[in-house]
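>>> Any chance you could fold what I've pasted below:
(2 chains)
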Amino acid sequence: MHIKQEAAQRHTLAIMVDNEPGILARIAGLFTARGYNIESLTVSDVTADKAVSRITIVTSASDHVMEQVLAQLDRLIPVHSVTDLTALGPHVERELALVKVKGTGDHRIEALRLADVYRARVVDATTSSFVFEVTGGPDKIDTFITLMREVGLIEVARTGIVAMARGLEPA
Amino acid sequence: MAEKSGADILVDALCDLGVEVVFGYPGGAVLPIYDALFRSKRIKHVLVRHEQAATHAAEGYARSTGKCGVVLVTSGPGATNAVTGITDALMDSIPMLVITGQVPTALIGSDAFQEADTVGITRHCSKHNYLVKDPAKLGGIIHEAFHIATSGRPGPVVVDIPKDVQIATAAYTKPGPIQHKTYRPQIKADRALIERAVDLLAAAERPIFYTGGGIINSGPAASQVLRELARITGAPVTSTLMGLGAFPASSDQWLGMLGMHGTYEANFAMNEADLVICLGARFDDRVTGRLDAFSPNSVKIHVDIDRSSINKTVRVDLPIVADVGHAMEDMVKIWKSRQHPKPDLTDWWQRISGWRAKKSLAFTDLPSDIMPQRAIKALWEATHAKAPIITTEVGQHQMWAAQHFDFEAPNKWLTSGGLGTMGYGLPAAIGAQMGNPKALVIDIAGEASIQMNIQELGTATQYRLPVKIFILNNQYMGMVRQWQELTYSSRYSESYSDSLPDFVKLGEAYGWKGIRIENMGQLEGGIAEMLAYDGPVIVDCMVSQTANCFPMIPSGAAHTDMILQGEEVSGEMDDAAKALV
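Residues are numbered from 1 along each chain as shown, chains lettered A, B, ... in the order given. Take a look at the predicted model:
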């Protein structure tokens, strides 16, 4: 016997929640308990009184499972709202990465040249290394990291995706 | 304002919420609360013998009274022992408030004595939970927790209180009605949806009401409205295990339970229906069988207070998010205001009569050995005039009770449906008896399940609760053995009950009356003796060892693939069938 997998599409969700202890565990735990997956997760408080946090989750699921993900999230007591930005329409997704690269000789110049093309900023430099800060969509960051791998990648830190609907209305 | 200790605030808040009974077990981390209870004398505390039993007793109390069950246990093992009952209440949507003690805030995370991460452990088996770190917030949290437990789709809410928060002082005033900032369950349905439901009902040729525990949770009025809705539409009614009693079994329109061990007529009517009206049920796998073959040609209406229940497993055509009692009331009002005549369902009822003629619950009595179904029927004959409250454990006896004990009213049938917790019945009976002192409360049990919380015999004795335990003793974990018979060529791996206690003597050791029934000749007399005794009685009723529970839809099969008798099956199932539960 083989276990079947359902076809899945990528969705970006914006979830507004009470900024209280355990909220992240509640959200993340719901995903594991019900067998949903998390590709990326970011969280930070976003109101002046720090009472509300915005969580951005990238997940993949079939349409049927997606409907359940939204309903299950909405059912959690501290959740204010859940928005499927992918279903809502055009939206902006951004991510920030810090990329540490070995840099001596020709590699050093090549690293700087590529960083310039990708609009990465140098935020730390030694005679033998750089730390670049690069922001953009996840594809751009992926490509930049792939290029840096050839030049001499040491380590990467990524924030995960934050996203927002285009236009006047909030999510 | 004078300040009070957290423990006193807790007791005051519970009293303000109308709590009369708490089921619990003391320990180091709840000593301040136990002292507050001792001093206040306003709340009756029932001392169980194991914390799991406290949770099931609270469930039994809640299900039989419609009130919230309240549990009080200590930190660490007290809380972890309660987890099964908390999960049980979550699965069956039972309102329950669970107060757990916790080590002092300064010690949290230090692996202190009797420390467990209670909020972490119960996060996904409770409707909501809290760790209270400030006594000033305790009163408000208790009121909010109670509101969340009892409103919307009910469920268990856990409040973890560190010992120092129980001792520290703060002011407490009774809050007004709770207006939660994010939690606002939808009670009233969108009127346009109800209009559409009435259109569908009026036009249907083969409608069926598929009802569930939501109707019981909505309150006794909902059961009355269901009767009215059924009367004016003339449609047949079937129910899940959880919904039994919402519609009277004596009605001509009653088809019996549906699903895995449901009747032939209920399952065939679901299969052939052109309109299914699901009222407060959730298309559980025990009900649907194989999803792609479930009621394939029907339009489906689903009324549920929990949006996440809708389209979870079965796609429906008309979802209605609302309290099912209100939704049914609106349907009845609109139906009547339009002066719909009662639809002519003669053809539909004729087909149903054909399925009924199969007599799927029939069984053959043996000359001496008692068939378990006969024992249930005899128990019903002797007690139904008293409108007893029936609890069960889990297994064959539970299904036989559901099939053969006919219920006329809600809140009389208490069984662990979603989680399927063996050991549920005795503590649930104790809780039900606490809430209904004058009622006849009977736990229909199996000899294996009853041993899972057998220590609660002592609790019933202590509080002079005249509960009855009626064990169908076949010396097997019967449902496990039945599945092994059906799927594993009768290799009975560990499914026999060996070294059983003498239940009569065991009962007597706890101060109960013990009765043994060994053959058909003793059945009626034994039951009469049980009923005549003014105190707790344990009846060890020896039944046919090999009887199996039919009809049965094998896991993952279609409703039309029903097995009516054991002779129809043999051998071994393929891997895909074995993987199903």
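
>>> When you work out contacts or count neighbours from here on, use the C-alpha atoms and nothing else.
Will do.

>>> now the strands for the stretch 301-450 of chain B?
B:318-321, B:389-392, B:413-414, B:441-446 (DSSP state E, counting those that start in this stretch).

>>> How is chain B partitioned into domains?
Using automatic domain parsing, the domain parsing of chain B gives B:4-170, B:191-356, B:372-549.

>>> ok, and does the second one reach over to chain A?
Yes. With C-alpha under 8 Å from any C-alpha of the partner chain as the threshold, domain B:191-356 lies in contact with chain A, specifically through B:306-308, B:311-312.

>>> List buried residues within the residues you listed.
B:306-308, B:311-312 (16 or more other C-alpha atoms under 10 Å in any protein chain shown).

>>> Turn those into TSV, columns for pLDDT.
Shown next, in TSV, are those (pLDDT from 0 to 100):
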residue	pLDDT
B:306	97
B:307	96
B:308	96
B:311	95
B:312	95
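
>>> and the end-to-end length of stretch B:332-341?
Using C-alpha to C-alpha, to the nearest Å, one end of stretch B:332-341 lies 13 Å from the other.

>>> Flag every buried residue along it.
Buried residues in stretch B:332-341, defined by neighbour count with 16+ other C-alpha under 10 Å: B:332, B:334-335.

>>> residues in contact with the residue of chain B found nearest chain A?
Of all residues in chain B, the one sitting closest to chain A is residue B:308 (4.7 Å; C-alpha to the nearest C-alpha). The contact partners of residue B:308, taken as C-alpha atoms under 8 Å, 6 or more residues apart in numbering or on different chains, are A:68, A:71-72, A:75.

>>> Compile those into a markdown table and extend it with columns for pLDDT, neighbour count and secondary structure.
Listed next are the contacts of residue B:308 as a markdown table, based on pLDDT from 0 to 100; neighbours: other C-alpha atoms under 10 Å in any protein chain shown; DSSP: H, G, I helix; E, B strand; the rest coil:
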| residue | pLDDT | neighbour count | secondary structure |
| --- | --- | --- | --- |
| A:68 | 95 | 22 | helix |
| A:71 | 96 | 18 | helix |
| A:72 | 97 | 19 | helix |
| A:75 | 95 | 20 | helix |
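
>>> of the residues you listed, closest to residue B:193?
Of all these, residue B:193 sits closest to residue A:71, with 19.5 Å by C-alpha to C-alpha.

>>> Sketch out the low-pLDDT regions of chain B for me.
B:566-573, B:576-578, B:580-581 (pLDDT under 70).

>>> Return the residues of it in contact with chain A.
Residues of chain B lying near chain A (C-alpha under 8 Å from any C-alpha): B:123-124, B:127-128, B:182-183, B:306-308, B:311-312, B:575-576.

>>> just to revisit the earlier point, tell me the most buried of the domains of chain B?
domain B:4-170 (a mean of 22; mean count of other C-alpha atoms under 10 Å in any protein chain shown).

>>> roughly how far out does that one sit from the chain middle?
Put simply, domain B:4-170 sits 21 Å off its chain's centre (C-alpha atoms, centre = their mean, to the nearest Å).

>>> contacting residues for residue B:237?
Counted by C-alpha under 8 Å, 6+ apart, residue B:237 has contacts B:208-211, B:230, B:247, B:253-256.

>>> got those as TSV, with distance to residue B:328 columns?
Formatted as TSV, the contacts of residue B:237 follow (distance: C-alpha to C-alpha, whole Å):
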residue	distance to residue B:328
B:208	14
B:209	11
B:210	13
B:211	11
B:230	10
B:247	14
B:253	17
B:254	18
B:255	20
B:256	21
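
>>> Strands - which of these land there?
B:208-211, B:254-256 (DSSP state E).

>>> Give me the buried positions along stretch B:553-565.
Neighbour-count burial for stretch B:553-565 [16+ other C-alpha under 10 Å]: B:553-560, B:562-565.

>>> Serialize those to TSV and add fields for secondary structure.
As requested, the buried residues of stretch B:553-565 are exported to TSV (DSSP: H, G, I helix; E, B strand; the rest coil):
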residue	secondary structure
B:553	coil
B:554	coil
B:555	coil
B:556	coil
B:557	coil
B:558	coil
B:559	helix
B:560	helix
B:562	coil
B:563	strand
B:564	coil
B:565	coil
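
>>> Grab the two from those residues that are most spread out in space.
Farthest pair in the buried residues of stretch B:553-565, by C-alpha to C-alpha: B:556 and B:565, 18.2 Å.

>>> Now residue 10. Nearest residue, chain neighbours left out?
Just so you know, I chose chain A. Nearest non-adjacent residue to residue A:10, counting by C-alpha to C-alpha, 6 or more residues apart in numbering or on different chains: residue A:60, 4.2 Å away.

>>> wrong chain, I was asking about chain B
Closest to residue B:10 by C-alpha to C-alpha, 6+ apart is residue B:139, at 6.3 Å.
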